[in-house]
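*Asks:* take this sequence and fold it.
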Amino acid sequence: MTDPRATDRPLDRIQIIGLRLNCVIGLNEWERLVQQEVVIDITVHADTRRAGVTDEVAETVNYRTVNKKVIEHVTGSQYKLVEALAENVARLCLAEPGVRRVDVSVRKPRAVRHADSVGVEITRFPDETGSRPEERL
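*Replies:* A predicted model of the protein is given here:
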């Protein structure tokens with residue numbers, strides 16, 4: 001099997017930007033009792049050339065499917081850290097056929113004073129996840 005990072009041509013990017021969801025997230029006791037907003041950006045790297053020629057969704061990563069899975073997971077989740085949430089969103093995305101890399105940003109609005117948000121941005125490849133999302137969650 002070839003290294004998913006090794007390619008002779010750049011991959012295309014499918015983006016979901018500004019996905020606003022509510023979940024239980026945070027370290028403080030009060031944060032474990034309420035849902036808070038998180039803002040998620042996802043960039044899925046894949047080869048979309050065939051879909052561009054055929055105009056068939058089966059030839060690409062279906063962003064609607066990815067979006068639905070992320071919404072379902074996040075709204076039912078409980079995390080202490082945005083890092084853990086980002087990691088598991090990345091795992092969900094990498095489980096989709098054709099995904100060769102994923103960039104995930106998770107921001108928590110109004111988490112600290114005088115800042116719009118705090119967050120984390122990660123990049124993951126299929127060989128870096130260790131286990132499938134359903135094994136970890």
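*Asks:* quick one, strands of the protein?
*Replies:* For the chain, applying DSSP state E gives strands covering 12-25, 36-46, 78-79, 101-109, 117-124.
*Asks:* Asn67: which of the ones you listed is closest?
*Replies:* Of all these, strand 12-25 sits nearest to Asn67, with 5.6 Å by CB to CB. Yep, even glycine has a C-beta here, placed from its N, CA and C like the rest.
*Asks:* quick check: buried residues in that closest one?
*Replies:* 12, 14, 16, 19, 21, 23-25 (16 or more other CB atoms under 10 Å).
*Asks:* residues near the closest residue to Tyr79 other than its chain neighbours, how many?
*Replies:* Excluding the flanking residues, the one nearest Tyr79 by CB to CB, 6 or more residues apart in numbering is Leu85, at 4.6 Å. With neighbours defined by other CB atoms under 10 Å, the count for Leu85 comes to 25.
*Asks:* Leu85 and Val74 touch, don't they?
*Replies:* Yes. Between Leu85 and Val74 there is a contact under CB atoms under 8 Å: 7.0 Å.
*Asks:* anything in contact with each of these two?
*Replies:* Contact criterion CB atoms under 8 Å, 6 or more residues apart in numbering; residues shared by Leu85 and Val74: 23, 38.
*Asks:* what's the spacing between the residue nearest to Tyr79 and Arg107?
*Replies:* 11 Å (CB to CB, to the nearest Å).
*Asks:* overlap in contacts of the two?
*Replies:* Contacts common to Leu85 and Arg107, judged by CB under 8 Å, 6+ apart, are Val38.
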